[in-house]
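Chemist: Sequence first, predicted coordinates after that:
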Amino acid sequence: MNKQDFFDGRIFDAYRYFGAHLGENGVTFRLFAGTAAKVTLTGAFNGWDETELLRDGTGGFFTLTVPAARTGDFYKYRIYACDGSVTEHCDPYGFAMELRPGCCSIVTDPNEYTFTDDAWMAHRTAGLDAPLSIYEMHLGSWKRNPVDPNGWYRYDELAELLIPYLRDNGFTHVEFLPLSEHPFDGSWGYQNTGFFAPTSRYGKPAQLKQLIDCLHQAGIGVIMDFVPVHFAVDNYGLARFDGAPLYEYPNAAVGESEWGSYNFIHSRREVRCFLQSAAHYWLEEFHFDGLRMDAVSRLIYWQGDPNRGVNGDALTFLKEMNAGLKTRHPSAMLIAEDSTAYPGVTQSVADGGLGFDYKWDLGWMHDTLEYLQTPPELRTRDYQKLLFSMEYFQNEHYLLPLSHDEVVHGKAAVLQKMYGADAAQKHAQARALYLYMFTHPGKKLNFMGNEIGMMREWSEQSELDWPRQATAFPAFFRTLSCLYRDLDALHGDFFPENFRWLNCESAEACLYVFERRHGDSCILAAFNFSAKSQQIPSIPDSASLLLHTDWVRFGGQTPEADGAFPSPATLPPYSGVLLQVK
């Protein structure tokens with residue numbers, strides 16, 4: 001590694017130099033601790049005594065080769081600060097860690113698993129002109145393993161359970177909540193201590209690679225949540241790593257986040273190398289097909305607040321990281337969780353943008369859920385909430401999220417949120433919601449449990465309510481999701497001719513009708529969000545019915561019928577139809 005490039009923030013593969021690396025003469029340990037007075041290594045190979053690392057030139061580099069060290073050995077560093085304090089730390093570039101509450105790093109062979117997904121990697125794309133329906137999931141609470149004390153399945157064990165489920169439900173990709181090592185289960189992986197270490201909760205790095213390989217063989221893409229903004233405060237992690245703030249801001253006013261974690265200081269080039277190398281590591285070494293970057297608003301504005309102004313150093317880091325990742329992985333997806341109106345998030349860096357492929361449309365999510373939580377008699381007042389997103393959807397490459405954030409912390413599950421005097425009304429509203437979501441321009445993301453109509457908030461401590469699979473709602477979601485995957489008209493989201501309103505002036509009636517068109521395929525979606533049956537205008541005579549949210553088999557009242565759809569047609573309360581137009 002060129003050390004000057006490291007100090008200039010240009011390195012994307014710092015993990016190939018730092019960390020613990022197997023070699024002919026044993027294991028070589030390398031570390032960066034800028035202001036440390038001394039660094040020692042302790043582990044199974046030296047009887048947990050201390051062996052001092054040697055300074056590798058100037059600038060805070062330390063190195064040591066240990067002939068006795070082997071794959072699987074646990075180890076830690078002891079950092080002697082200039083003020084005389086001594087703190088034990090895990091390896092910032094460590095490739096595996098022991099299960100919490102332990103905090104040792106583990107010597108790992110990166111070549112233990114060989115991928116067999118060459119065909120997938122050669123033909124994958126970022127999906128701009130293709131179906132993209134993402135199943136967001138937390139690995140530890142999707143299903144519980146009855147024979148494991150913690151209830152967890154291993155990465156490789158999940159493949160057999162997960163793959164047929166994803167395929168049956170029409171999902172094109174799965175997105176895992178952060179898998180980098182973290183000490184607290186309740187953080188869901190968003191407060192990390194091991195940015196290069198897959199969490200040991202579910203097994204070894206090789207077993208995660210096997211899961212990803214199996215998903216690719218089944219034609220399913222894999223995305224990971226990546227956290228480039230903040231890290232856990234645990235003293236064995238990155239906090240005050242060399243005895244002083246190294247990865248974090250020295251000032252608590254900007255250094256501590258609203259989540260009780262430390263904010264990365266993106267103005268430091270060493271930190272930039274660390275983060276962009278971690279992002280590259282997951283794409284390169286684990287064959288992830290994309291990264292969803294958490295809390296991007298905090299990289300754009302100081303602490304995410306536009307009133308505080310743009311965070312210029314963090315924004316520069318973000319642009320340079322994304323540009324570097326797209327150069328190295330042009331077919332991988334970079335997805336921004338960004339709630340701001342900052343322009344050009346999904347424009348290329350060369351064109352003045354931030355370089356993401358997709359941006360979460362959180363405005364769509366809030367407006368849509370608020371509308372469907374509103375009593376029908378007030379929806380005439382809020383009619384524009386389902387129109388507004390159509391005014392700006394071509395400004396960015398949007399992804400429509402009904403994510404984990406919407407089903408926790410007292411917000412209720414998606415189905416629970418729906419207005420309704422009883423369960424039947426709530427289910428009807430939810431079916432109409434999902435038809436609206438899957439026919440609206442933009443790619444799709446649903447958190448696990450949405451597809452079976454969970455009626456309670458998600459908790460990482462228990463699995464999904466799988467008995468709900470026997471109800472009508474999962475059959476509806478599965479049918480709709482597979483139609484989305486198969487209908488070309490729903491995939492050209494970012495072409496001007498892909499969307500056209502046919503009826504968006506029925507505020508008093510709460511009726512909406514729009515068309516989606518791509519190539520030779522044309523579909524029409526019509527909705528009645530009122531509490532009474534109404535005729536739907538603007539239905540072409542050539543339209544044939546593909547799906548009705550009120551069909552009996554989905555829990556509604558309308559007998560199922562195929563073929564031509566009458567015009568004018570009557571829709572029951574809280575219902576919608578999907579039609580094919582020739």
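Modeler: Ah, there it is.
Chemist: which element follows the helix or strand bottoming out on mean pLDDT in the chain toward the C-terminus?
Modeler: Every helix and strand of the chain was ranked by mean pLDDT, DSSP states H and E. The lowest is strand 563-564, at a mean of 70. Along the chain past strand 563-564, the next helix or strand (assigned with DSSP states H and E) turns out to be strand 569-571.
Chemist: mean confidence score for that following strand?
Modeler: Average pLDDT, strand 569-571: 90.
Chemist: For the helix or strand just after it, list the C-alpha coordinates in PDB.
Modeler: Using DSSP H and E, the helix or strand that follows strand 569-571 in sequence is strand 575-581. Presented in PDB, the C-alpha positions along strand 575-581 are these (Å, rounded to 0.1, in the frame of the first residue of the first chain):
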ATOM      1  CA  SER A 575     -60.300  -1.400  -3.600                       C
ATOM      2  CA  GLY A 576     -58.300  -1.300  -6.800                       C
ATOM      3  CA  VAL A 577     -57.900  -3.100 -10.000                       C
ATOM      4  CA  LEU A 578     -54.900  -3.900 -12.300                       C
ATOM      5  CA  LEU A 579     -55.800  -4.100 -16.000                       C
ATOM      6  CA  GLN A 580     -54.000  -5.000 -19.100                       C
ATOM      7  CA  VAL A 581     -54.700  -2.700 -22.100                       C
END
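Chemist: Direction included, what does strand 575-581 pair against?
Modeler: Here strand 575-581 is paired, per DSSP bridges, with strand 521-528 (antiparallel), strand 543-548 (antiparallel).
Chemist: starting at the chain centroid, how far to that strand?
Modeler: Relative to its parent chain, strand 575-581 has a centroid offset of 30 Å by Cα atoms, centre = their mean, to the nearest Å.
Chemist: Give me the contacts around it.
Modeler: By Cβ atoms under 8 Å, 6 or more residues apart in numbering, the residues outside strand 575-581 that reach it are 428, 431-432, 435-436, 439, 480, 483, 487, 515, 522-528, 536, 539-540, 542-550, 556, 558, 565, 569, 571. C-beta: built from backbone N, CA, C; applies to glycine.
Chemist: 6 Å - rerun?
Modeler: 432, 435, 522-528, 540, 542-550, 565 (Cβ atoms under 6 Å, 6 or more residues apart in numbering).
Chemist: got the contact list for the nearest residue to residue 290 once chain neighbours are set aside?
Modeler: Excluding its sequence neighbours, the residue lying closest to residue 290 (Cβ to Cβ, 6 or more residues apart in numbering) is residue 333, at 3.0 Å. By Cβ under 6 Å, 6+ apart, residue 333 lies in contact with 126, 290, 357.
Chemist: so which of the residues you listed is the most crowded?
Modeler: residue 290 (27 neighbours; other Cβ atoms under 10 Å).
Chemist: Now do the contacts for it.
Modeler: 223, 332, 333.
Chemist: Apply 10 Å and report the result again.
Modeler: Contacts of residue 290 were listed using Cβ atoms under 10 Å, 6 or more residues apart in numbering, and they are 124, 126-127, 132, 134, 173, 175, 221-224, 226, 282-283, 329, 331-335, 357-358.
Chemist: what does residue 95 give?
Modeler: 15, 19-21, 105-110, 194, 196-198, 205, 281, 285.
Chemist: again with residue 79
Modeler: Residue 79 neighbours (Cβ under 10 Å, 6+ apart): 31, 33, 35-40, 62, 85-89, 240-243, 246.
Chemist: same deal with residue 380?
Modeler: 506, 507, 508, 509, 510, 530.
Chemist: let's see 6 Å
Modeler: 507, 508.
Chemist: Likewise for the one 5 residues further on?
Modeler: With contacts taken as Cβ under 6 Å, 6+ apart, residue 385 has the following neighbours: 367, 371.
Chemist: now the one 4 residues further on
Modeler: Remark: with contacts taken as Cβ under 6 Å, 6+ apart, residue 389 is in contact with residue 364.
Chemist: SS state for it?
Modeler: What DSSP: H, G, I helix; E, B strand; the rest coil gives for residue 389 is helix.
Chemist: State the distance from it to residue 198.
Modeler: Distance from residue 389 to residue 198, counting by Cβ to Cβ, to the nearest Å: 36 Å.
Chemist: so residue 489, which of the three states?
Modeler: helix.
Chemist: Surely it and residue 519 touch.
Modeler: No. Residue 489 lies out of contact with residue 519 (Cβ atoms under 6 Å); the separation is 7.9 Å.
Chemist: Can you pick out the residue with more neighbours from the two?
Modeler: For residue 489 versus residue 519, neighbours defined as other Cβ under 10 Å are more numerous around residue 489 (20 against 12).
Chemist: how about the strands in the stretch 301-450 of the chain?
Modeler: 333-336, 358-360, 398-402, 443-447 (DSSP state E, counting those that start in this stretch).
Chemist: Which other helices and strands does the last one contact?
Modeler: Meaning strand 443-447. Judged by 3 or more Cβ pairs under 6 Å, 6 or more residues apart in numbering; DSSP states H and E, the packing partners of strand 443-447 are strand 133-137, strand 398-402.
Chemist: Residues contacting the first one, please?
Modeler: Residues from elsewhere that reach strand 133-137, judged by Cβ under 6 Å, 6+ apart: 166, 171, 172, 173, 174, 175, 403, 444, 445, 447, 448.
Chemist: Closest to residue 413 out of the residues you listed?
Modeler: residue 447 (9.5 Å; Cβ to Cβ).
Chemist: who's in contact with the closest one?
Modeler: 136, 403, 404 are the contacts of residue 447 under Cβ under 6 Å, 6+ apart.
Chemist: do you know how far the first one is from residue 171?
Modeler: Read that as residue 136. Distance from residue 136 to residue 171, by Cβ to Cβ: 10 Å.
Chemist: so what sits against both of these two?
Modeler: By Cβ under 6 Å, 6+ apart, no residue touches both residue 136 and residue 171.
Chemist: neighbour count winner among these two?
Modeler: When residue 136 and residue 171 are compared for neighbours, residue 171 comes out ahead with 27 against 24, by other Cβ under 10 Å.
Chemist: host element of that one?
Modeler: Counting by DSSP H and E, residue 171 is found in no helix or strand.
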